[in-house]
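Novice: Have a look at this prediction, sequence included:
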Amino acid sequence: MSRVTAPHLPWHDRPGLAGGIDTDGRQAATLLELGFGSVEFGSVAAHPRAPNSLAPLLARLAALPPRSAETSAIGIGVGLSPGAPVTALPAQWLNALHDAWSVADYLSFNLSARARRPLLAPEHHPMLAVTLRALVRERKRLPRHIALALKLPLGDRHDPLPALADTAAHAGIDCLTLVLADPPAQRSEQLARLADLAHRLAGGPALVAVGGIRNARDVDDAREAGASAVQVHRAFIHRGPACLKDLSR
């Protein structure tokens, strides 16, 4: 594993806003001033003809006025253009890095969406391992540092812990964003899985928990299980910016 300790990213000190709220940057100016540690836009695809193309999002983010120290960090979720073959993924992810490094503070490569779940099959792991190593290698050549994350479903008790988490750790990926199952009945099981993964990857990537984070107790539970940070999605949809008060004591 290429790290001795998990990286501390300053935006992890406050809850982040997960991807899926604003996919094209039209709400960026407002969302970035709400007080989240980070705001993740997308997911998008680094292909000019994709319906969720990265280019319009980058144009809107680049046009924003200079950010203050209190403004949220900018994250961009990156997927794969609809209908593209699996073999297109390495080029699209590398293109996203080359296109977005000057605008984003981090990129989150998303394998958690339902359409991307087939990529979690073991036969794709070698390709993903090569791609993740290439991203880390290319990142070192850029004039500005950008953090790299891989977004994965944490799975349930019937699943082994995600093998790609180890792959990402060995590649030098900074963060793993882990999607926890939302039903409260599964909460203790999900936190136990998170703790097991945190133990297995000790000294590796920072873990970010998303899914079922509704209040300060949920934040504390996730951090106690080993998460360095949390993101919210449904809490924001239901309560808007007021959810931030519920997430802090």
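Specialist: Noted; the coordinates are in hand.
Novice: Surely residue 75 forms part of a strand?
Specialist: Yes - Residue 75: assigned to a strand according to DSSP: H, G, I helix; E, B strand; the rest coil.
Novice: from memory it sits against residue 108, does it?
Specialist: Yes - under the criterion of Cβ atoms under 8 Å, residue 75 makes contact with residue 108 at 5.8 Å. C-beta: built from backbone N, CA, C; applies to glycine.
Novice: Give me the phi and psi angles of residue 114.
Specialist: Here is the backbone geometry of residue 114 (degrees, to the nearest 10): phi -60, psi -40.
Novice: Oops, could you answer that again for residue 42 instead?
Specialist: phi 110, psi -160.
Novice: Distance check, it against residue 21.
Specialist: 10 Å (Cβ to Cβ, to the nearest Å).
Novice: shared neighbours, those two?
Specialist: Common neighbours of residue 42 and residue 21, counting by Cβ atoms under 8 Å, 6 or more residues apart in numbering, are absent.
Novice: Among those two, which residue is more densely surrounded?
Specialist: residue 42 (26 against 16; other Cβ atoms under 10 Å).
Novice: quick revisit: so what sits against both of residue 75 and residue 108?
Specialist: The contact lists of residue 75 and residue 108 share 19, 40, 149, where a contact means Cβ under 8 Å, 6+ apart.
Novice: need the contact list for the first one.
Specialist: Listed by Cβ under 8 Å, 6+ apart, the contact set of residue 19 reads 40-43, 75, 77, 108, 110, 233.
Novice: try residue 88
Specialist: Residues near residue 88 by Cβ under 8 Å, 6+ apart: 47, 80-81.
Novice: can you confirm it is in a strand?
Specialist: No - using three-state DSSP, the secondary structure at residue 88 is helix, not a strand.
Novice: so where's this protein uncertain?
Specialist: 1-7, 249 (pLDDT under 70).
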